[in-house]
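In: need a structure here:
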Amino acid sequence: MTVTGAEGRSLGQTWKTWPRAGVVLLGALLLAWPALYNGFPLLYPDSMTYLGDGRVVARAVFLHRLSDFYGVRSFFYSLVILPLHWNLSPWPVVALQCLLAAFVLRLVARSVAPRLTAARYLLLVLGLSLLTSVSWYADFIMPDILGPVLYLIVYLLVFAPETLTRTERWALYPIAWWAVTSHASHLLLAGLLVVLLALYAAVAREGFRARMRALGGVAAMVALAGTAQMALHGYLYGKPSLNGERPPYLMARLVADGPGRWYLEKHCPQAQWVLCGHLKELSDDPDEFLWGADGVYETLTNEEQQRLASEELPFVLATVRAYPREQLERSGANFREQLLAFGLYGFDPSPWILSEFDGVLPRARASYVQSRQARGALPLDLLAAVQHWVVVASLAAIAGLIPFLWRRHAPPLAGLAFVIGTMVVANAAVTGVLSVVDDRYECRVIWLIPLLAGAMLLDLLHRRDACRAAGVAHAPAETSA
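Out: Predicted coordinates:
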């Protein structure tokens with residue numbers, strides 16, 4: 001099909017005129033601007049662990065060369081990105097993450113606006129990329145972007161399966177599976193989302209059977225992801241588990257909150273906990289407890305760390321029984337603080353990152369040193385302020401558009417609002433209450449709120465176009481009458 005004239009020059013060409021893959025590639029390129037501006041993919045101290053652990057785990061899985069230690073991060077994220085970087089360059093990882101995000105965003109936009117044009121899709125991606133954190137996390141060598149991508153995929157599979165082709169639907173399942181296995185919080189939040197969607201389907205009732213069938217497929221995918229994690233950890237460590245040899249995050253949280261420390265001071269040394277020998281070293285900062293050079297966890301022997309891991313659950317239960325009201329108050333405060341903490345931070349230079357290059361990315365060290373991140377030259381304060389006001393404006397726009405949505409009864413948009421609303425809140429609860437309050441945790445999902453506002457705008461534009469098309473179609477008949 002050949003398009004000529006103004007129609008061929010217009011940015012409003014439909015998907016049939018624009019090759020779909022090309023439009024997604026353009027969307028991915030728009031999402032890649034922070035890495036291009038920085039001069040290197042964005043890194044976090046944990047990034048070096050994800051990049052380095054892949055080789056060790058791959059040798060164990062494929063060559064049966066087992067090791068004493070494999071790391072404490074997600075092995076599945078490390079394994080998937082290993083063939084992309086091969087410890088040479090992280091740029092292909094950025095390309096993959098930008099493509100996945102652009103692909104899912106296109107499907108979400110099309111689900112609310114079936115006649116979506118290339119121009120509107122690209123404008124949506126451009127706005128999100130420039131004004132929110134989505135592009136920064138797509139360019140981040142971390143699994144953070146896969147969480148919100150996962151929640152959007154669940155929305156598509158449950159609320160908008162009719163807008164997907166068979167190929168698209170089957171492509172979404174492995175992406176979602178990888179997203180679930182990529183981080184412990186993703187598995188927990190995905191399981192919670194399945195439960196919440198089951199309750200939503202029961203209350204809404206409309207399309208109950210279809211939604212439950214779709215939700216059954218999502219639940220099976222989540223269960224398969226959990227099973228895969230247990231199987232891999234069982235093979236590597238000889239003992240199946242969901243998290244492998246993870247540090248005692250929850251124990252550190254309760255000690256930092258206060259009730260954990262109070263319990264130890266009251267019951268040591270009779271209780272004989274490992275921490276009883278380190279009461280003077282306990283910190284009110286969970287990060288310092290776990291990762292500080294002089295923190296409790298880092299100063300323990302391997303045997304003591306194993307004992308501490310086995311004591312975590314009994315210690316948490318005992319503390320909560322002893323101080324239920326106090327811990328509930330502390331957890332509530334942590335949740336509220338995390339919900340409002342979504343500044344675009346976490347991209348500061350780190351001496352530890354630089355020290356790990358020789359063992360993880362030796363050929364890329366010079367490029368990283370020249371990057372804006374390494375020089376501390378990223379305008380993070382400005383970007384954080386911009387995103388803050390964009391989120392505020394988006395919430396106001398959503399509140400203003402809800403009455404129109406309610407009157408029109410649009411199940412896909414209602415489903416998208418439900419998924420985004422519950423996951424933004426649940427993410428703050430899981431990370432703030434069970435781990436540590438950190439802007440990075442909520443910042444990685446907060447861009448979903450502007451996305452929801454954008455989806456509502458696309459829906460309004462789609463309805464306007466449909467009304468105009470209907471008016472044109474009926475015009476001759478009305479004239480002749």
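In: contacts, neighbours, all on C-alpha from now
Out: Noted.
In: what pLDDT does the residue nearest the centre of the chain get?
Out: In the chain, the C-alpha nearest the mean C-alpha coordinate belongs to Gly147, at 2.3 Å (C-alpha atoms, centre = their mean). On the pLDDT scale, Gly147 is placed at 97.
In: doesn't Asp284 make contact with Val255?
Out: Yes. Applying C-alpha atoms under 8 Å, one finds Val255 in contact with Asp284, separated by 6.8 Å.
In: Looking at these two, which is more packed in?
Out: Taking other C-alpha atoms under 10 Å, Val255 and Asp284 do not tie; Val255 has more neighbours (22 against 15).
In: so where does the closest residue to the more buried one other than its chain neighbours fall, helix or strand?
Out: Nearest residue to Val255 in three dimensions, chain neighbours excluded: Arg261, at 4.9 Å (C-alpha to C-alpha, 6 or more residues apart in numbering). Arg261 belongs to helix 259-267 when assigned by DSSP states H and E.
In: Give me the mean pLDDT for that helix.
Out: The pLDDT scores in helix 259-267 average 91.
In: now whichever helix or strand comes after that helix, how far from the chain's geometric center?
Out: Toward the C-terminus, helix 259-267 is succeeded by helix 286-291 as the next helix or strand (DSSP H and E). Taking the mean of its C-alpha atoms, helix 286-291 sits 23 Å from the chain's own mean (C-alpha atoms, centre = their mean, to the nearest Å).
In: who does whichever helix in the chain runs longest touch, helix- and strand-wise?
Out: Longest among the helix segments of the chain by residue count, using DSSP state H, is helix 448-480. Packed against helix 448-480, as judged by 3 or more C-alpha pairs under 8 Å, 6 or more residues apart in numbering; DSSP states H and E, are the following elements: helix 91-112, helix 118-131, helix 380-408, helix 411-434.
In: Off-centre distance for that helix?
Out: Here helix 448-480 is found 32 Å from its chain centre; the criterion is C-alpha atoms, centre = their mean.
In: before we move on, the earlier item: only the buried residues of the helix holding Arg261, if you could.
Out: Residues of helix 259-267 classed as buried by neighbour count (16 or more other C-alpha atoms under 10 Å): 259-261, 263-264.
In: Domain map for this protein?
Out: Structural domains annotated on the chain: 15-182+344-456, 249-322, as defined by automatic domain parsing.
In: can you list these in JSON lines and add distance to Ala231?
Out: Converted to JSON lines, the domains of the chain look like this (distance: least, C-alpha to C-alpha, whole Å):
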{"stretch": "domain 15-182+344-456", "distance to Ala231": "11"}
{"stretch": "domain 249-322", "distance to Ala231": "20"}
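In: and of these, who's closest to Tyr235?
Out: domain 15-182+344-456 (8.4 Å; C-alpha to C-alpha).
In: what sits up against stretch 265-272?
Out: Contacts of stretch 265-272 with the rest of the structure, by C-alpha atoms under 8 Å, 6 or more residues apart in numbering, involve 276, 279.
In: Ignoring the adjacent residues along the chain, who's closest to Val149?
Out: Leaving aside its sequence neighbours, Val149 sits nearest to Ala101 (C-alpha to C-alpha, 6+ apart; 6.5 Å).
In: Identify the residues contacting Pro114.
Out: Contact analysis of Pro114 by C-alpha under 8 Å, 6+ apart lists 163, 462.
In: what's the distance between it and Gly52?
Out: According to C-alpha to C-alpha, to the nearest Å, Pro114 stands 43 Å off from Gly52.
In: quick one: the closest residue to Val23 other than its chain neighbours from Arg253, how far?
Out: Excluding the flanking residues, the one nearest Val23 by C-alpha to C-alpha, 6+ apart is Ala118, at 6.7 Å. Here the criterion is C-alpha to C-alpha. By it, Ala118 lies 47 Å from Arg253.
In: Mind checking which of these two has more residues around it?
Out: Shown here are Ala118 and Arg253; by other C-alpha under 10 Å, Arg253 has more neighbours (29 against 26).
In: My read is that that one contacts Val436, right?
Out: Yes. If you go by C-alpha under 8 Å, Arg253 and Val436 touch, sitting 6.8 Å apart.
In: Tell me where the stretch 101-250 of the chain is predicted with low confidence.
Out: Across the stretch 101-250 of the chain, the ranges flagged by pLDDT under 70 are 205.
In: If we use 80, what do you get?
Out: Across the stretch 101-250 of the chain, the ranges flagged by pLDDT under 80 are 204-209, 241-245.
In: All the helices of it, in order from the start?
Out: Using DSSP state H, counting those that start in this stretch, the helices found in the stretch 101-250 of the chain span residues 118-131, 134-138, 146-159, 166-181, 184-204, 208-237, 249-257.
In: would you turn the ones you listed into JSON lines with distance to Val23?
Out: Below are the helices of the stretch 101-250 of the chain laid out as JSON lines (distance: least, C-alpha to C-alpha, whole Å):
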{"stretch": "helix 118-131", "distance to Val23": "7"}
{"stretch": "helix 134-138", "distance to Val23": "17"}
{"stretch": "helix 146-159", "distance to Val23": "18"}
{"stretch": "helix 166-181", "distance to Val23": "15"}
{"stretch": "helix 184-204", "distance to Val23": "29"}
{"stretch": "helix 208-237", "distance to Val23": "28"}
{"stretch": "helix 249-257", "distance to Val23": "42"}
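In: Which among those helices is found nearest to Ala466?
Out: helix 118-131 (15.4 Å).
In: May I see the buried residues of the closest one?
Out: 118-122, 124-126, 128-131.
In: cool, stretch 93-108 as well?
Out: If you call a residue buried by 16+ other C-alpha under 10 Å, then stretch 93-108 has these buried ones: 93-108.
In: likewise stretch 224-236?
Out: 225-233, 236.
In: circling back to that earlier point, the longest helix of the chain versus helix 118-131: what angle between them?
Out: 160 degrees (axes from the mean of the first three to the mean of the last three C-alpha atoms, to 10 degrees).
In: Return the set of buried residues in helix 448-480.
Out: Within helix 448-480, the residues that qualify as buried are 448-460, 462, counting by 16+ other C-alpha under 10 Å.
In: Then stretch 369-385?
Out: For stretch 369-385, the buried set under the neighbour-count rule, 16+ other C-alpha under 10 Å, comprises 371-374, 378, 380, 383-384.
In: Could you do stretch 131-139 as well?
Out: By neighbour count on 16+ other C-alpha under 10 Å, the buried set for stretch 131-139 is 131-139.
In: nearest to Phe335, of those?
Out: Closest to Phe335 out of these is Ser133 (20.7 Å), distances taken as C-alpha to C-alpha.
In: how far away is the closest one from Ala113?
Out: Between Ser133 and Ala113 the computed distance is 24 Å (C-alpha to C-alpha).
In: Kindly report the same for Val61.
Out: From Val61 over to Ala113 the distance is 44 Å, taken as C-alpha to C-alpha.
In: more neighbours, those two?
Out: Ranked by neighbour count (other C-alpha under 10 Å), Val61 and Ala113 place Ala113 first, with 22 against 15.
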